[in-house]
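Participant: just coords:
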């Protein structure tokens, strides 16, 4: 029973923390998406679909890719290679924390047909 209570408290505190600084997290997610969504590379590699990416902000405000769930090796490799060590402008309160970001790859010719 203690384990259940502790788990519930951790979940509540996690959700509470996630609501604070939402604007900073939104800006970080947009920065990450802009880094990996370079049209000419996406088209050349024919990347399509989505990926879930977990990154940690290092003390020098660079990204460290913790995990990528992309469904295929090429997408995972591209995301890791592109994001690892990328410099980001973030608040000091974000340093040392891990963030999850969903990235969607869309070919520019698919956008024009919609």
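Facilitator: Yep, it's here. Computed from a predicted model, the values in this text were never measured in an experiment. Residues are numbered from 1 along each chain as shown.

Participant: ok, residue 35 touching residue 86?
Facilitator: Yes. Counting by C-beta atoms under 8 Å, residue 35 sits close enough to residue 86 to count as a contact (5.5 Å). Just so you know, the C-beta spots here come from the backbone N, C-alpha and C atoms, and that holds for glycine as well.

Participant: just want the most central residue of this protein.
Facilitator: The centroid of the chain falls nearest to residue 101 when counting by C-alpha atoms, centre = their mean (2.9 Å).

Participant: which strand or helix spans that residue?
Facilitator: Taking DSSP states H and E as the criterion, residue 101 maps to strand 98-105.

Participant: paired strands for that strand, with orientation please.
Facilitator: strand 49-57 (antiparallel) (DSSP bridges).

Participant: thought residue 29 was touching residue 94?
Facilitator: No. With contact defined as C-beta under 8 Å, residue 29 does not count as touching residue 94 (11.8 Å).

Participant: buried residues in the host helix or strand of residue 41?
Facilitator: Element membership of residue 41 [criterion: DSSP H and E] is helix 39-45. Within helix 39-45, the residues that qualify as buried are residue 42, counting by 16 or more other C-beta atoms under 10 Å.
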